[in-house]
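K.L.:
Let me see the structure of the following:
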Amino acid sequence: MNRIYLDNAATTPLDPQVMEAMLPYLSTHFGNPSSIYSYGRETRLAVENARKTVARIVKASPGEIFFTSGGTESDNMALAAAVEDLGCRHIITSSIEHHAVVHTVEHLQKKYQLQLSYVSVLPDGHIDLDHLRSLVAGSSQRVLVSLMHANNEIGNLLDIEKVGAICKAHNAIFHSDTVQTLGHYPLDFSKKWVHFATGASHKFHGPKGVGLLYVSDDVTIQPMIHGGGQERNMRAGTENIYGIVGFAKALELADQHCEKDQAHILSLKYYLADKLQQQIPGLLFNGDWRGESLYTVLNVSFPRNEKTEMLLMALDMQGICVSGGSACSSGADLGSHVIRALRTTPSVPIRFSFSKYNTIEQLDQVLAVLAQLL
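P.N.:
Numbering: from 1, shown residues only. Got it, this is the predicted structure:
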């Protein structure tokens, strides 16, 4: 049985061209980049070339790009720095952020006795920008706003420029988790709307275990990991060379093929949505799925009954990989905190998320299996 993988918002398969770029650094180019002889200089050059590539694509200067172990570490580092180094004493976020942000701000709030506010979420899953404006304007302390560029479960896109303008007007620090949009949309950090942004290469066909933290040169922060001079004294520890090389290659390929891939993936999303609507009565879509939304994500609420109750498991038994929400919390049986914030009626949410490797034929197989199960 051929498995059908439709959980690309959790992770994506490695592109063969990315693997090819990484292989020399898994074999002959094994030097420690902190060593001064030729083996070390080779890998040091690879890291700095990767940094330049990434900086060019996101329109930042290489000095604003730091490599980390992934989006979660980058989010933690940015949020902690905003509080500990930039004097933010009031954090404004939303209840539908990724747990890498939700749990981190809760921890920081307890540790430093901060003020923590949650901006209202509209019924379609978008952030209420009027409420955000009044929260930022009404704060007597320095504010950190942390709002994700695209929601990883429902796909809603944030207007980064509008949020950035609100923050700028009130001297607030703005952190945006751009994990779902880096490699999928052209990002332009030269506009200086954000102070911190984050990414993870496994969301766009790169390797796992390597991430990005963008830190605007408008701010100065201290390292979170101490013990060495790597990443320009910002993150101690020997660099993940092959991961960093793979990150840059994956981002380069994503950037080159952005329009073609987007058109293909969007056609898959709309095809599945239309067929599901025809096939299943009482089905609802979560978020602003036809509007300001990720082209890679379709979040569907099936009516809750004895047939849909175990749908995720039933699909898995048929070789179809989808998720009920964020991959990082899929082991928890509480259900999705994002869907809970949007829907009070009981439903069974399933997230289908697509990549350039998915096909219409695969979707037809999924629809046939759903018809059989339901």
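K.L.:
Residue 14: what's it in contact with?
P.N.:
Applying C-beta atoms under 8 Å, 6 or more residues apart in numbering, we find residue 14 in contact with 205-207, 246. Where C-beta positions appear, they are placed from N, C-alpha and C, glycine not excepted.
K.L.:
Let's have these in a markdown table, adding distance to residue 312, secondary structure and neighbour count.
P.N.:
Formatted as a markdown table, the contacts of residue 14 follow (distance: C-beta to C-beta, whole Å; DSSP: H, G, I helix; E, B strand; the rest coil; neighbours: other C-beta atoms under 10 Å):
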| residue | distance to residue 312 | secondary structure | neighbour count |
| --- | --- | --- | --- |
| 205 | 25 | coil | 27 |
| 206 | 27 | coil | 32 |
| 207 | 27 | coil | 22 |
| 246 | 30 | helix | 30 |
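K.L.:
out of those residues, which one sits closest to residue 293?
P.N.:
residue 205 (21.0 Å; C-beta to C-beta).
K.L.:
Could you report the distance from the closest one to residue 184?
P.N.:
Going from residue 205 to residue 184 by C-beta to C-beta, to the nearest Å gives 11 Å.
K.L.:
Run the chain-centre distance for the helix or strand of the chain with the lowest mean pLDDT.
P.N.:
Among the helical and strand segments of the chain, the one scoring lowest on mean pLDDT, DSSP states H and E is helix 337-342, with a mean of 80. Centre-to-centre, helix 337-342 and its host chain are 18 Å apart (C-alpha atoms, centre = their mean, to the nearest Å).
K.L.:
after that helix comes which helix or strand?
P.N.:
Downstream of helix 337-342, the first helix or strand assigned by DSSP states H and E is strand 347-353.
K.L.:
List phi and psi for the closest residue to residue 238 other than its chain neighbours.
P.N.:
Once flanking residues are discounted, residue 238 sits nearest to residue 32: 6.0 Å by C-beta to C-beta, 6 or more residues apart in numbering. Main-chain dihedrals, residue 32, degrees, to the nearest 10: phi -80, psi 120.
K.L.:
residue contacts, residue 32?
P.N.:
Residue 32 sits in contact with 39-40, 43, 238, where contact means C-beta under 8 Å, 6+ apart.
K.L.:
before we move on, what about residue 300?
P.N.:
Contact analysis of residue 300 by C-beta under 8 Å, 6+ apart lists 273, 276, 283-286, 349-352.
K.L.:
mind checking how far it is from residue 59?
P.N.:
35 Å.
K.L.:
that older thread, give me the common contacts of residue 205 and residue 184.
P.N.:
Contacts common to residue 205 and residue 184, judged by C-beta under 8 Å, 6+ apart, are residue 254.
K.L.:
Report the residue spans of the stretch 201-350 of the chain with pLDDT below the cut-off.
P.N.:
325-334, 343-344 (pLDDT under 70).
K.L.:
And the helices in it?
P.N.:
230-233, 241-256, 258-279, 311-317, 337-342 (DSSP state H, counting those that start in this stretch).
K.L.:
Go through these and pick out the most buried.
P.N.:
Highest mean neighbour count of the helices of the stretch 201-350 of the chain: helix 241-256, a mean of 24 (counted as mean count of other C-beta atoms under 10 Å).
K.L.:
I'd like the helices of the stretch 201-350 of the chain as JSON lines, with distance to residue 18 appended.
P.N.:
Shown next, in JSON lines, are the helices of the stretch 201-350 of the chain (distance: least, C-beta to C-beta, whole Å):
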{"stretch": "helix 230-233", "distance to residue 18": "22"}
{"stretch": "helix 241-256", "distance to residue 18": "5"}
{"stretch": "helix 258-279", "distance to residue 18": "14"}
{"stretch": "helix 311-317", "distance to residue 18": "27"}
{"stretch": "helix 337-342", "distance to residue 18": "30"}
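K.L.:
Any idea which of the ones you listed gets closest to residue 166?
P.N.:
Checked against C-beta to C-beta, the stretch from the helices of the stretch 201-350 of the chain lying closest is helix 337-342, at 21.4 Å.
K.L.:
list the helices and strands that closest one packs on?
P.N.:
Packing contacts for helix 337-342, counted by 3 or more C-beta pairs under 8 Å, 6 or more residues apart in numbering; DSSP states H and E, involve no helix or strand.
K.L.:
let's see it at 10 Å
P.N.:
Helix 337-342 sits against strand 297-303, strand 347-353, with contacts defined as 3 or more C-beta pairs under 10 Å, 6 or more residues apart in numbering; DSSP states H and E.
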